[in-house]
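Visitor: have a look at this prediction, sequence included:
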Amino acid sequence: MGDSIEMSSNFDTGDVKVVTRAYAQQSDQYPNDLALIRVDTLLEALKAGFPDMSWAPRIRFGALADFPDSLGETRGQGPVSGWAVDLLGEGSREPERFNLPAAIARGRMPEKRGEVLLAENLAARFDVGPGDFFTLFGTTMEGAAGEILGFLPVFHYDDRMAQEVVSRFEAGIGDSFSGQDLEYAPVMLTLGHQAGMAQMLVYAQAISGMLIFLFVLAMSIVLWNAGLLGGLRRYTEFGIRIALGEDKGHIYRSLLWEALVIGGIGSVLEYRFQFLCPDAECQHANARDCATGHYASHLLHWFYSRCHFNAFGQCTGRSGYI
């Protein structure tokens, strides 16, 4: 479910999207005659107002593609639809959002203006390949874009953060463009207000909450049984401590403190070394943190595999070699 939301954000909705008011009402038709104008000015304002976010202007379009023969005459024509996205800009993350480097079946990524990527089925239909030329008949609007997508600086979509961005936009940047015709004034939409995504977000939150509850319940039962077994193994220790005059209540409180300290240390280490640096994201995080996390995990495994614990919970020696 999370992957579906992330894919929708990358391909279509963004975490937030800026469009004109009229474009938002007919967004399913991608009406470029209602596109944003003064895009450069709007982009500068967005980057200045939300410097921690990533912004990407896009154009959805429909056109007629003409494929010539060796003499330059029309060999085949067909209607096409596509995206105009920034693949050449410095620091652009659009290729990764569309997963283009890994998805290319033939050829290479565009490296200069005038180069495009075609769907493999379209290329096979008109028998074209890398390096071939064709003509695209469509309309242009210099300095305009159908939509500007914004991406939050978090790994997963956060609806509360997106709502705060929309509120700040309406109170600041949106007012600065209020002099335009109301129909063409820019408005900002969150992912949850586009393409029926609100229902998916509610459903995902419900499923996530249920899974978390079941996991916590199962782990509670497991840890409860582990605690009971641990207590049984320490009966000798408790008997000696009571025989030496220690109060039962003090023993009970010491066990609670022991569990709290061990659990707290384990939680901090787990959060520091695993949650902040999972394997799938090591390439985006500090390599030293990742290496430290893996080292700590292997160290704990080595320790528990080699120790034999007595009734007092102390490591008395090696129990085997792995």
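Guide: Alright, I've got the coordinates. Residues are numbered from 1 along each chain as shown.

Visitor: which helix is the longest one in the protein?
Guide: In the chain, taking DSSP state H as the definition, the longest helix is helix 197-233.

Visitor: pull out the buried positions in the helix or strand following that helix.
Guide: As assigned by DSSP states H and E, the chain's next helix or strand after helix 197-233 is helix 235-243. Residues of helix 235-243 classed as buried by neighbour count (16 or more other C-beta atoms under 10 Å): 237-238, 241. Bear in mind the C-beta positions are built from the backbone N, C-alpha and C, glycine included.

Visitor: circling back to that earlier point, now do the buried residues in the longest helix of the chain.
Guide: Residues of helix 197-233 classed as buried by neighbour count (16+ other C-beta under 10 Å): 197, 200-201, 204.

Visitor: need those in CSV with pLDDT and distance to residue 151, can you?
Guide: Formatted as CSV, those follow (pLDDT from 0 to 100; distance: C-beta to C-beta, whole Å):
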residue, pLDDT, distance to residue 151
197, 77, 15
200, 78, 18
201, 81, 16
204, 81, 18
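
Visitor: closest to residue 189 out of these?
Guide: Nearest to residue 189 among the buried residues of helix 197-233: residue 197, at 10.1 Å, using C-beta to C-beta.

Visitor: that closest one contacts residue 12, correct?
Guide: No: with contact defined as C-beta atoms under 8 Å, residue 197 does not reach residue 12; the gap is 9.2 Å.

Visitor: count of neighbours near residue 75?
Guide: Applying other C-beta atoms under 10 Å, we find 15 other residues in the vicinity of residue 75.

Visitor: re the thing from before, would you turn the buried residues of helix 197-233 into a markdown table with distance to residue 43?
Guide: Shown next, in a markdown table, are the buried residues of helix 197-233 (distance: C-beta to C-beta, whole Å):
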| residue | distance to residue 43 |
| --- | --- |
| 197 | 24 |
| 200 | 29 |
| 201 | 27 |
| 204 | 31 |
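
Visitor: quick one: distance of stretch 202-220 to the chain centre.
Guide: In terms of C-alpha atoms, centre = their mean, to the nearest Å, the centre of stretch 202-220 is set 20 Å apart from its chain centre.

Visitor: ok, stretch 94-108 next?
Guide: For stretch 94-108, the separation from the chain centroid amounts to 18 Å (computed by C-alpha atoms, centre = their mean).

Visitor: do the same with stretch 72-90
Guide: In terms of C-alpha atoms, centre = their mean, the centre of stretch 72-90 is found 29 Å from the chain centre.

Visitor: buried stuff in that stretch?
Guide: Buried residues in stretch 72-90, defined by neighbour count with 16+ other C-beta under 10 Å: 80, 82, 85, 87.

Visitor: tell me the mean pLDDT for it?
Guide: For stretch 72-90, mean pLDDT is 89.

Visitor: so what would you say the end-to-end distance of it is?
Guide: Terminal residues of stretch 72-90 are spaced 35 Å apart (C-alpha to C-alpha, to the nearest Å).

Visitor: show residues contacting that stretch.
Guide: Applying C-beta atoms under 8 Å, 6 or more residues apart in numbering, the set of residues contacting stretch 72-90 from outside is 56-69, 92, 94-95, 98, 100, 109-113, 116, 122, 125-126, 136.

Visitor: noted, bye for now.
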